[in-house]
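Undergrad: kindly generate the corresponding structure for this input.
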Amino acid sequence: MANLDQKSPNVLLQSLCCRITGKSEAEVAHQFQYAVRVIGSNYAPTIERDEFLVSEKIKKELLRQRREADAALFSELHRKLQTQAVLKHRWSVLYLLLSLSEDPRKPSSRVGNYGTLFAQALPRDAHSTPFYCTRPQSLALSYGDRGAGLSGSVGTSGISSLGVYTLNGPTPPPPPLLAGQPSQSAAAVSQMLGSRLAWALPTSSSPSAVLAPPTTRPPLGPQVPTIRPVRPRRDGDAAGEVNEAALVRDILYVFQGIDGKFIKMSAQDNGYKIDSKVVLCKSLRDTSSRLSELGWLHNKVRKYTDARTLDRAFGLVGQSFCASLHQELKEYYRLLSVLHSQLQVEDEQGVSMCTESSLTLRRLLVWMYDPKVRLKTLAALVDYCQGRKGGELASAVHAYGKTGDPQMRALVQHILSLVSHPILNFLYRWIYDGELEDTYHEFFVASDPNVKTDRLWHDKYSLRKSMIPSFITMDQARKVLLIGKSINFLHQVCHDRTPPGKITPASKPADTPKDAAELLSDLEGAFQEKIDAAYFDTSKYLLDVLNRNYLLLEHLQAMRRYLLLGQGDFIRHLMDLLKPELARPATTLYQHNLTGILETAVRATNAQFDNAEILKRLDVRLLEVSPGDTGWDVFSLDYHVDGPIATVFTRECMGHYLRVFNFLWRAKRMEYTLTDIWKGHMCNAKLLKTMPELSGVLHQCHILASEMVHFIHQMQYYITFEVLECSWDELWNKVQQAQDLDHIIAAHDVFLDTIISRCLLDNNSRSLLNQLRAIFDQIIEFQNAQDSLYRSALEELTLRLQFEEKKRQREEEGEWGVTAEQEAEEKRRIQEFQDTIPKMRSQLRILTHFYQSIVQQFLVLLMTSTDESLRFLSFRLDFNEHYRAREPRLRASLGATRGRRLSNI
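TA: Have a look, this model is predicted:
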């Protein structure tokens, strides 16, 4: 063998045989041949491939041979092996070792003592939940130290520190085993207990250690006191006293929620009580009462799971919660099965309570400490989760895990991973496929099937805030909602057939609770990255589809150009063409005539170069007609929207556009009217110079017209630049920076709200709007009065010129220019005209007074407005303090007005 490679399989296998048996290479030839035959065989094991079960069988086999130290070493080495990724098939290695140890042809030999190697205690046994706790390093393994540790750990230590104890209490060092095989009954009991696992099973939990023949335990060290002869257990004696063995049996039943012979459930006290007729010492009664609490806790958890397991309305999250509770109860039952088996073996063998290998209440109190803590946690969690379901239930479990106890926190985190698994599955199907199958309304995204497609984005999907788990932030929940909503919007509204997998690549879902636990442990990392990636990819694709296929930005610009009068040449030419039609009564207008005029205006201006998709949506709309309305009062432009763009331009938005258009159209009409008034001044000024009696009236008209022109120009500047242009610039910047459709909709809504508010169309500015409309009415009145003045003046001028022309012609013919009668008639007519001039002057004076009083009221309202831009508008309207001199309320400075307003607040 020396010539062989030291790392060859044969050399390593022979070294393993020597190490296991403690013999030399020559003495293990038989074992080596058997190991080679086993490795080269093709037969498969007949037991389940469960690494934990195999390791337990190996430990029990070592304990059966009274090799507690070897069992402790095996547990420690196995635990260290599990933490390293050196071997992938640990079960196969362990099964090989177990098979080698069970070879009937293996010669019995005395195994050496490896006590010097066992400096560490047993690890905490495997649980269904993660654990966080190790044995205190100060806990020794010697007999004296064990006894001290046991007595001092009743109230503080849990199952995590029981690895250094045997189920039957501390034992002296093991003697060497004699040759021979264990009896069939002991092997059967060992096999029976090997399949029953506990939450925290001590390393010597196998009862077969008790069954070793007395000859295998020669006394070592100091003489042990003589133990009284064993006798079968008895539940009590004739005097009515109950011994501890009977109480142990009752306690084991109580642990499962079953009434015992002496300990029964008291409905009045809501707990287990010892029969008052039973004679017990105070210590046993107190210990039994403390142990009985586990039965009450078990019943509380079991009652909740039994009531909810068959309740389908509890949902998948609730069923996962019940499954996690069942899993914990299953581990609890495994511990109880081991204890029952131990008690059964003791009954069959007649072990007395006085021996160190028997079950006692004190030992149960120590061993059941950790299960009691876990059951308390589960019971409190059940109380806290009453009446909750879905995401609300997950929030309750998550909130209960915020504790400083690492063991409790690990338990709650494990339950949370099971509870949150359905929620994460809902979430991944929603963000990657847009599918929402939430039968029991557990997910935080809600769907309304009654909502039609045109309102899908706004109304169909919403957040159930009560179902948002506390470990998911509101921003994450909003993004999750937008992702799935975008996918459904693309499919149902945009009719985009691109598979969701091509929009955003699907990452690995939470297929198991373990994956969910890993995801929950990194909510701000991997989970946030998945949400952000799906959000950005889906939102970007949706905006690209809307801009590329449905011209969203072009439609937005069309609203600005046509409904907000941004296309100046088109609006001016349209007014020129519509003036004859709109001057007529509203009842005489026909929409097809106005539509033809609109098309003419489009073809004659730069509007003709717009996209045909936009121009075909532009139309004429006639508002509801009231008595006395003209075409100017009912005319409006309209813009038809449908399909996906109707999500941005909703009916409410189009209603706002209509209101703003009517306001701007009216203001534009005032500008157009004043332009006509100015033209009338310029054209008629020279003609009427021959009528000096009109100079005062015309001067008065010029002054009033100048005031009106100044007012309208300042209002137009304010509306066009300070309101429309500034708001449009903000909207366009926000649209360019928008990350999702909701950002565009929100920016558009803010844009419209700003325009509505600053154009005095909201409820807070109704008084200002009324004053402004009154000013507009005065402008129309002034136009009518001036037209009447010019009409009568021009008519009089025409008659005078005709009279002079006739007079000149007759003089040229050599006749008298006029007769006395004609001259008297002419003078009478001129006198009649001159008599109308004071009426015109008084009419203009009244019109001026009304106009100026309304403007003064308007300025006062502007000065007291909370909008600073409106207060500055008042300064521009009264730049030369003309109105301020007339109205005392306008004499307060801006600072005084602001101070007074703040003091009133």
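
Undergrad: pop the domain breakdown of the protein in here.
TA: As given by the TED database, the domain ranges for the chain are 244-349+357-387, 420-550, 551-649, 651-813+822-892.

Undergrad: so where's the chain uncertain?
TA: Along the chain, the model assigns pLDDT under 70 to residues 1-7, 40-48, 85, 102-241, 350-357, 506-518, 521-522, 817, 892-905.

Undergrad: report the outermost residue of it with respect to its centre.
TA: Within the chain, the residue lying farthest from the chain centre (C-alpha atoms, centre = their mean) is residue 814, at 105.9 Å.

Undergrad: burial count for residue 447?
TA: Residue 447 has 16 neighbours, counted by other C-beta atoms under 10 Å. Where C-beta positions appear, they are placed from N, C-alpha and C, glycine not excepted.

Undergrad: max-length helix in this protein?
TA: Taking DSSP state H as the criterion, the chain has its longest helix at helix 766-812.

Undergrad: who does that one touch, helix- and strand-wise?
TA: For helix 766-812, the packing partners by 3 or more C-beta pairs under 8 Å, 6 or more residues apart in numbering; DSSP states H and E come out as helix 651-684, helix 695-717, helix 820-863.

Undergrad: rerun at 6 Å
TA: helix 651-684, helix 820-863 (3 or more C-beta pairs under 6 Å, 6 or more residues apart in numbering; DSSP states H and E).

Undergrad: what's the most buried one of these?
TA: helix 651-684 (a mean of 17; mean count of other C-beta atoms under 10 Å).

Undergrad: follow-up on the earlier one: tabulate the domains of the chain in JSON lines, adding columns for distance to residue 409.
TA: JSON lines is the format used below for the domains of the chain (distance: least, C-beta to C-beta, whole Å):
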{"stretch": "domain 244-349+357-387", "distance to residue 409": "10"}
{"stretch": "domain 420-550", "distance to residue 409": "12"}
{"stretch": "domain 551-649", "distance to residue 409": "46"}
{"stretch": "domain 651-813+822-892", "distance to residue 409": "37"}
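
Undergrad: give me the phi and psi for residue 263.
TA: Per-residue torsions, residue 263: phi -110, psi 120 (degrees, to the nearest 10).

Undergrad: check the one 5 residues further on too.
TA: According to degrees, to the nearest 10, the main-chain angles of residue 268 amount to phi -70, psi -40.

Undergrad: repeat for residue 461
TA: Residue 461 adopts backbone torsions of phi -120, psi 140, taken as degrees, to the nearest 10.

Undergrad: that one bridge partners, please.
TA: Assessed by DSSP bridges, residue 461 has beta-bridge partners residue 447.

Undergrad: count of residues packed around it?
TA: By other C-beta under 10 Å, the residues close to residue 461 number 20.

Undergrad: might one say that it is in contact with residue 487?
TA: No: using C-beta atoms under 6 Å, residue 461 makes no contact with residue 487, being 10.7 Å away.

Undergrad: neighbours around residue 603, how many?
TA: Using other C-beta under 10 Å, residue 603 has 10 neighbouring residues.

Undergrad: wasn't it part of a strand?
TA: No: Residue 603 is assigned helix when assessed by DSSP: H, G, I helix; E, B strand; the rest coil, not a strand.

Undergrad: contact partners for it?
TA: For residue 603, the contact set (C-beta atoms under 6 Å, 6 or more residues apart in numbering) is empty.

Undergrad: now do residue 466
TA: With contact set as C-beta under 6 Å, 6+ apart, residue 466 has these partners: residue 392.

Undergrad: hang on, it is in a strand, isn't it?
TA: No: under the criterion used here (three-state DSSP), residue 466 is helix, not part of a strand.

Undergrad: how near is it to residue 318?
TA: Distance from residue 466 to residue 318, counting by C-beta to C-beta, to the nearest Å: 15 Å.

Undergrad: now do residue 51
TA: Counting by C-beta to C-beta - residue 51 and residue 318 are separated by 32 Å.

Undergrad: settle it for me: which of these two has more neighbours?
TA: Per other C-beta under 10 Å, whichever of residue 51 and residue 318 has more neighbours is residue 318, with 23 against 18.

Undergrad: ramachandran coordinates for the closest residue to that one other than its chain neighbours?
TA: Sequence neighbours aside, residue 389 is the residue nearest to residue 318 in space, at 5.2 Å (criterion: C-beta to C-beta, 6 or more residues apart in numbering). Dihedral pair for residue 389: phi -150, psi 160, per degrees, to the nearest 10.

Undergrad: wait, residue 389 sits on residue 320?
TA: No: counting by C-beta under 6 Å, residue 389 stays clear of residue 320, with 11.2 Å between them.

Undergrad: rewinding a little: are we agreed that the residue farthest from the centre of the chain is in a strand?
TA: No: using three-state DSSP, the assignment for residue 814 is coil, not a strand.

Undergrad: quick one, phi psi at it?
TA: Torsion angles, degrees, to the nearest 10, at residue 814: phi 90, psi 20.

Undergrad: and the gap between the residue nearest to residue 318 and residue 573?
TA: Distance of residue 389 to residue 573, computed by C-beta to C-beta: 65 Å.

Undergrad: looking at the helices and strands packed on helix 766-812, which is closest to residue 69?
TA: Residue 69 lies closest, by C-beta to C-beta, to one member of those: helix 651-684, at 82.0 Å.

Undergrad: what's the angle from the closest one to helix 766-812?
TA: 30 degrees (axes from the mean of the first three to the mean of the last three C-alpha atoms, to 10 degrees).

Undergrad: give the contact list for the residue nearest to the spatial centre of the chain.
TA: The centroid of the chain falls nearest to residue 477 when counting by C-alpha atoms, centre = their mean (1.9 Å). Neighbour list for residue 477: 444, 463, 468 [criterion: C-beta under 6 Å, 6+ apart].

Undergrad: and the second one, what does it touch?
TA: The contact partners of residue 463, taken as C-beta under 6 Å, 6+ apart, are 444, 477, 481.

Undergrad: determine the three-state secondary structure at the last one.
TA: Okay, so that is residue 481. helix.

Undergrad: tell me how far the residue nearest to the centre of the chain lies from residue 662.
TA: Distance, residue 477 to residue 662, using C-beta to C-beta: 41 Å.

Undergrad: the closest residue to residue 292 other than its chain neighbours: which element?
TA: In this structure, residue 292 finds its nearest non-sequential neighbour in residue 272, 3.8 Å apart by C-beta to C-beta, 6+ apart. Of the helices and strands defined by DSSP states H and E, residue 272 is found in strand 271-274.
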